[in-house]
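Q: Here's my sequence, what's the structure:
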Amino acid sequence: MTEEELIAKARKAFPLECIEDYLQHSDGDNLVLAACEAFYMDGSQDDISGDMEAPMGHFYRVDRWIVFTDYQGFRFLETFNTEEQAIEAFQNLDKEYGDWISNDE
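A: Sure thing, here's the model as predicted:
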């Protein structure tokens, strides 16, 4: 999916005024992040894992994007060329998280 398709899909799926306002006041990567956040807030993300206290933070995937939230609440977006690459990266992060949580106990 392209960035434009993701944003259009978010606008169609979430026509709420507050989401549209968020999308309208974002630009570039922030607009993609806003679209991903709309899917996350609706519970429509593809995958979710992690914890804000973990070294890799809390993270979720929407198509070919992974959004991370750190312990201070800062979010950042990682973009992959394909959804398959994002799935593989997510699985690796999820394994790291599982290892971290096992060692933390």
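Q: sec struct for residue 43, please.
A: For residue 43, the assignment made with DSSP: H, G, I helix; E, B strand; the rest coil gives coil.
Q: Tally up the residues packed near it, please.
A: Burial of residue 43 is recorded as 7 neighbouring residues (other CB atoms under 10 Å). For glycine as for every other residue, the C-beta is placed from the backbone atoms N, C-alpha and C.
Q: measure it to residue 99 for me?
A: Using CB to CB, to the nearest Å, one gets 27 Å for the distance from residue 43 to residue 99.
Q: Residue 30 - that's part of a strand, no?
A: No: counting by three-state DSSP, residue 30 is not part of a strand but helix.
Q: what about the nearest residue to residue 46 once chain neighbours are set aside, is that helix, strand or coil?
A: Leaving aside its sequence neighbours, residue 46 sits nearest to residue 61 (CB to CB, 6 or more residues apart in numbering; 4.8 Å). Counting by three-state DSSP, the backbone at residue 61 sits in strand.
Q: and residue 61, bridged to which residues?
A: residue 47, residue 66 (DSSP bridges).
Q: Now for it: which residues touch it?
A: Residue 61 is in contact with 45-48, 67, 86-87, 90, counting by CB atoms under 8 Å, 6 or more residues apart in numbering.
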